[in-house]
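Peer 1: Predicted model and sequence follow; I will ask about them next.
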Amino acid sequence: MRVNFTVNGRPQEADDVWEGESLLYVLRERLGLPGSKNACEQGECGSCTVRLDGVPVCSCLVAAGQVEGRDVVTVEGLADHARQRSCGGSSGNSLDEAKAWQAKGTDSQTGEGTELAPIQQAFIDAGAVQCGFCTPGLLVAADEMLERNPNPTDADIREALSGNLCRCTGYEKIMDAVRLAAARQGEAV
Amino acid sequence: MASPSGTPTKITQGAQTKGGIGESTLRPDGTLKVTGEFAYSSDMWHEDMLWGQILRSTVAHAEIVSIDTAEALATPGVYAVLTYDDLPTEVRNYGLEIQDTPVLAHGKVRHHGEPVALVAADHPETARRAAAKIKVEYRDLPVITDEASATAPDAILVHENRDDHHAGHVPHPNIVHRQPIVRGDAARAAGRADVIVTGEYTFGMQDQAFLGPESGLAVPEEDGGVHLYIATQWLHSDLRQIAPVLGLPESKVRMTLSGVGGAFGGREDLSMQIHACLLALRTGKPVKIVYNRFESFFGHVHRHPAKLYYEHGATRDGRLTHVKCRIVLDGGAYASASPAVVGNASSLSIGPYVVDDVDIEAIALYTNNPPCGAMRGFGAVQACFAYEAQMDKLAKELGLDPVEFRQRNAMEQGTIMPTGQPVDSPAPVAELLRRVKAMPLPPERQWESSEGADVRQLPGGLSNTTHGEGVVRGIGYAVGIKNVGFSEGFDDYSTAKVRMEVVGGEPVATVHTAMAEVGQGGVTVHAQIARSELGVAQVTIHPADTQVGSAGSTSASRQTYVTGGAVKNSCELVREKVLEIGRRKFGSYHPAWATAELLLEGGKVVTDGGEVLADLVDVLEDESVEVEAEWRHRPTEPFDLRTGQGNGHVQYSFAAHRAVVEVDTELGLVKVIELACAQDVGKALNPLSVIGQIQGGTTQGLGVAVMEEIIVDPKTAKVRNPSFTDYLIPTILDTPTIPVDVLELADDHAPYGLRGVGEAPTLSSTPAVLAAIRDATGLELDRTPVRPEHLTGT
């Protein structure tokens, strides 16, 4: 089957999709967006978290056919999403914005100089990244929480991120990163 | 063939990053990892690639009567189906130390989930469905599942006709390795004891549960060789095992480290490496294999479950008299790292204490349970759980404070280990306990708020099972000792290639090693070392591959010590060459070139007095200086097979924990409120990463204290919970705050005085949590993990 949907503001068309394929598979293997990770394929680990019409979901549990006509944000689109939010735009993308989308090359192989969402920068600064496999899903989930709840308590953060497993960090630096992003967000307002 | 997408590239850090050793420099791969651009092995992609799938045994121990692959082969989209009969050479086994593991099962299977056949197809689902069409007929054999069944007089041998180097000294062929350690006279010393306590402890089977499943891409090359992009802990160890099975010289098997999604010991053994290469060479196409989580539970070894039998004695004034112990590790069907785990378990079995009279024995069994091998802490974890339980028992019998009792018996620099080896660097065991005890305690009843109980902070959490009723608090302490580096005479070297040149008017250092970056931050530290030693701002980290000499394993808390040491050493050699060039060019202009101690700092050659002699740009001009050199730490010795004596270890690492828990005694639910740690790291090369390692290790220890266990059916030896639904690892809600106190007492034998960090916190975390639960409940609790039924008696 053919699936049409919007990914990070850009209209996408996936062809020859087998009915059993997940949104995660289509993103990773058909659309060249491997940022969302496959760590359990049963909705337990959160590594594949993306936003579907704004709502965080495990993309491994969403059948590709279910996203027909809908709007998906992945870790690859997080910086753009955050920029539009800070410009006062809605969390969706207008047609003009979608048309204006273009791939941005990074200026060096480290990605130094890449425009990052505040939550992405905070994860780097706080030391919340070790192996990094859980990071994309955590970033999408944490960014969504901060959009809803700009001043979360520690208990709020833990509740919002309880569906995202991390095996390296013991979560302390992830807590630090989310607190840091919230604080910076507060200063910026 | 063209390079696949996801091929790692050099990472240059400079413009926005500064910082030598001792600074919390940020990861060079951090931006790539937060944008989703960092390519893990499962992200590798090649035009025209196929997907590989492994068919695994559905039973634990059986003869293979027949394998019928016809229907699988006839499936549209399938390119190859391989079994044992298709293996290209006579080398059909592999293994880290003992080559006892079949690439594909031959004649029989020895554990549930053993690889039997391979499929390559053009879609992963096609490959899975084709694999399911392979018909394997098994004839069941009795299963060996524990010490009694393994060593019974009529026991079936898991491996017949053993000829490995341990076969001659083990008391039974179903024992992989046995290491006794005898020092002093434990029986006589027991006569001096006023109090003797004994215990039998059980340690459950823990899984590494790294988040990035086993995966890789094998690309056939024009010269008949293969290029494997792989997530592993040790490229050269893989290479040595892969090449002979493929019938290729090592030069025709190129290995490049792909992004590694965690490891924790679970990637020391091969998983899909040989399988992907076999399918690629057979089909002439690139083949990618990615395990799903279910398969991952079968695709790597686990932490050895153990039975531990201990006797401790002490005098009334709280001095240990003797320790007798027997540690039985279940190695499962194949040897993996079992012999080395036995060496660790035995030599570290009494913990960081002074005991002159010991009688120790550790063995690893061959059974039909899942194979067990390396996991963070490596034999020392199981022992620590038991000896710390014993220390608490003794303290209670003696009426002493558990911390005070430990401090009275704590080892220090100069203490002699049970192996006869003196501890010749700082061993601040008493001080770590003091520090962890001195940290402020978390407030009582912190769930209470003006709006009532916040159930998220109570046992049971959002299940809303209590608002504080039946909840009691407990506090527990533990301390542990872990060896750093490969022990027992292993030639534990690493190699670093360092180049210095001028690029774009700036001096740049390039560091190339085969070190597996698995998340620990080795690449960050290498750049810091190069900056400190070579005085440059810009450092390029070359992707890890087999085009440079071995770095040894990312295991045993050893990489910062050993590959860090190799990078430091190669930088020093580069510096000497650069200074030679400088002397040649500028020596006649200033006498300090000949007389002073010269350093490279801020892109310049300076004297130790701070005088600038030349710019590196002027010294080097268009020359580049490159050195590739091996570096070794002090040699070690094997343990005597009868007495266990020998200078077997390189260095020790110490951590102490204090756990605060709250237990809902009615439902048996545990909430760990805080898990404080104090650790000596010698020198924190990157303090932020050091704390990250300590917190991560602590959390894995917490996991095996209260939730993590692979359940193996004792009747069938089949794994019952191979998923994240049924095998639980700590979530952010299960994990408490982890305050860390880092002590830096230099080990003069080590580069920069550093001490390996990664494993020690995994040791003491578990027994500290157990001690706290015992404190809260008054129960004995002689097994880990603790499950609700152990607390409620139901």
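Peer 2: That came through fine.
Peer 1: need the contact list for B:Arg316.
Peer 2: Taking CB atoms under 8 Å, 6 or more residues apart in numbering or on different chains, we find B:Arg316 in contact with B:194-195, B:398. No exception for glycine: its C-beta is placed from N, CA and C like everyone else's.
Peer 1: now these: which count as buried?
Peer 2: Buried members of the contacts of B:Arg316, counted by 16 or more other CB atoms under 10 Å in any protein chain shown: B:195, B:398.
Peer 1: Please enumerate the helices of chain A.
Peer 2: A:23-25, A:78-86, A:95-100, A:118-126, A:135-148, A:154-160, A:172-188 (DSSP state H).
Peer 1: Including mean pLDDT and mean neighbour count, could these go into a markdown table?
Peer 2: Output for those, formatted as a markdown table (pLDDT from 0 to 100; neighbours: other CB atoms under 10 Å in any protein chain shown):
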| stretch | mean pLDDT | mean neighbour count |
| --- | --- | --- |
| helix A:23-25 | 98 | 26 |
| helix A:78-86 | 94 | 19 |
| helix A:95-100 | 52 | 11 |
| helix A:118-126 | 98 | 24 |
| helix A:135-148 | 98 | 25 |
| helix A:154-160 | 96 | 18 |
| helix A:172-188 | 94 | 19 |
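Peer 1: Turn these into TSV, including distance to B:Pro76.
Peer 2: Below are the helices of chain A laid out as TSV (distance: least, CB to CB, whole Å):
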stretch	distance to B:Pro76
helix A:23-25	20
helix A:78-86	40
helix A:95-100	38
helix A:118-126	43
helix A:135-148	35
helix A:154-160	46
helix A:172-188	46
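Peer 1: Please convert those to CSV, extending it with distance to chain B.
Peer 2: CSV is the format used below for these (distance: least, CB to the nearest CB, whole Å):
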stretch, distance to chain B
helix A:23-25, 8
helix A:78-86, 7
helix A:95-100, 20
helix A:118-126, 4
helix A:135-148, 5
helix A:154-160, 5
helix A:172-188, 5
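Peer 1: Which one of these lies nearest to B:Gly753?
Peer 2: When the helices of chain A are compared by CB to CB, helix A:172-188 sits nearest B:Gly753, at 25.1 Å.
Peer 1: and that closest one, what does it pack onto?
Peer 2: helix A:118-126, helix A:135-148, helix A:154-160, helix B:687-706 (3 or more CB pairs under 8 Å, 6 or more residues apart in numbering or on different chains; DSSP states H and E).
Peer 1: Throw the ones you listed into a markdown table and include distance to B:Gly6, thanks.
Peer 2: A markdown table is the format used below for these (distance: least, CB to CB, whole Å):
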| stretch | distance to B:Gly6 |
| --- | --- |
| helix A:118-126 | 20 |
| helix A:135-148 | 15 |
| helix A:154-160 | 31 |
| helix B:687-706 | 25 |
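Peer 1: Quick check: which of the ones you listed is nearest to B:Val176?
Peer 2: Taking CB to CB as the criterion, B:Val176 comes closest to helix B:687-706 out of these, the separation being 22.4 Å.
Peer 1: Could you check the angle that closest one makes with helix A:118-126?
Peer 2: 100 degrees (axes from the mean of the first three to the mean of the last three CA atoms, to 10 degrees).
Peer 1: Distance from the chain centre to whatever helix or strand comes next after helix B:687-706, please.
Peer 2: Counting by DSSP states H and E, the next helix or strand C-terminal to helix B:687-706 is strand B:740-743. Relative to the chain's own centre, strand B:740-743 is displaced by 21 Å; criterion: CA atoms, centre = their mean, to the nearest Å.
Peer 1: What is whatever helix or strand B:Ala771 lives in packed up against?
Peer 2: Secondary structure from DSSP H and E places B:Ala771 in helix B:760-777. The helices and strands touching helix B:760-777, judged by 3+ CB pairs under 8 Å, 6+ apart, are helix B:380-398, strand B:471-484, strand B:651-664, strand B:669-680, helix B:687-706.
Peer 1: what's the average pLDDT for whichever helix or strand comes after it?
Peer 2: Counting by DSSP H and E, the next helix or strand C-terminal to helix B:760-777 is strand B:783-784. Strand B:783-784 shows an average pLDDT of 98 in the prediction.
Peer 1: go on, stretch B:697-714?
Peer 2: Mean predicted confidence for stretch B:697-714 is 98.
Peer 1: Any residues of the stretch 151-300 of chain B in contact with chain A? List them.
Peer 2: Contact residues (CB under 8 Å from any CB of the partner chain) of the stretch 151-300 of chain B with chain A: B:208-213, B:259-264, B:290, B:292-293.
Peer 1: Quick check: residues of the stretch 601-750 of chain B near chain A?
Peer 2: So the stretch 601-750 of chain B meets chain A at B:688-689, B:691-692, B:695-700, B:723-725, B:729-733, B:735, B:737-738 (CB under 8 Å from any CB).
Peer 1: can you do 7 Å?
Peer 2: Contact residues, the stretch 601-750 of chain B versus chain A (CB under 7 Å from any CB of the partner chain): B:688-689, B:692, B:695-696, B:698-699, B:723-725, B:729, B:731-733, B:735, B:737-738.
Peer 1: Select only the buried ones of those in PyMOL?
Peer 2: Typed into PyMOL, the line below selects the buried ones among those, using 16+ other CB under 10 Å:
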select buried, chain B and resi 688+689+692+695+696+698+699+724+729+731+732+733+735+737+738
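Peer 1: Redo the helices and strands packed on helix B:760-777 as CSV? Include distance to B:Pro418.
Peer 2: Listed next are these as CSV, based on distance: least, CB to CB, whole Å:
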stretch, distance to B:Pro418
helix B:380-398, 11
strand B:471-484, 11
strand B:651-664, 13
strand B:669-680, 21
helix B:687-706, 23
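Peer 1: Can you report how many residues lie near the closest residue to chain B within chain A?
Peer 2: Chain A approaches chain B most closely through A:Gly35 (2.1 Å), counting by CB to the nearest CB. By other CB atoms under 10 Å in any protein chain shown, 25 other residues sit near A:Gly35.
Peer 1: Would you confirm that it contacts A:Gly77?
Peer 2: No: using CB atoms under 7 Å, A:Gly35 makes no contact with A:Gly77, being 9.0 Å away.
Peer 1: residues near the closest residue to the residue of chain A closest to chain B other than its chain neighbours, how many?
Peer 2: Closest residue to A:Gly35 apart from its sequence neighbours, by CB to CB, 6 or more residues apart in numbering or on different chains: B:Gly36 at 2.1 Å. Residues lying near B:Gly36 (other CB under 10 Å) number 24.
Peer 1: Repeat that for the one 10 residues further on.
Peer 2: Here the count is done by other CB under 10 Å, and B:His46 has 22 residues near it.
Peer 1: for the one 10 residues further on, same thing?
Peer 2: Other residues within reach of B:Arg56, judged by other CB under 10 Å, total 20.
Peer 1: next one: A:Leu61
Peer 2: 15.
Peer 1: check contacts around it.
Peer 2: Taking CB atoms under 7 Å, 6 or more residues apart in numbering or on different chains, we find A:Leu61 in contact with A:Gly43.
Peer 1: Much appreciated, bye for now.
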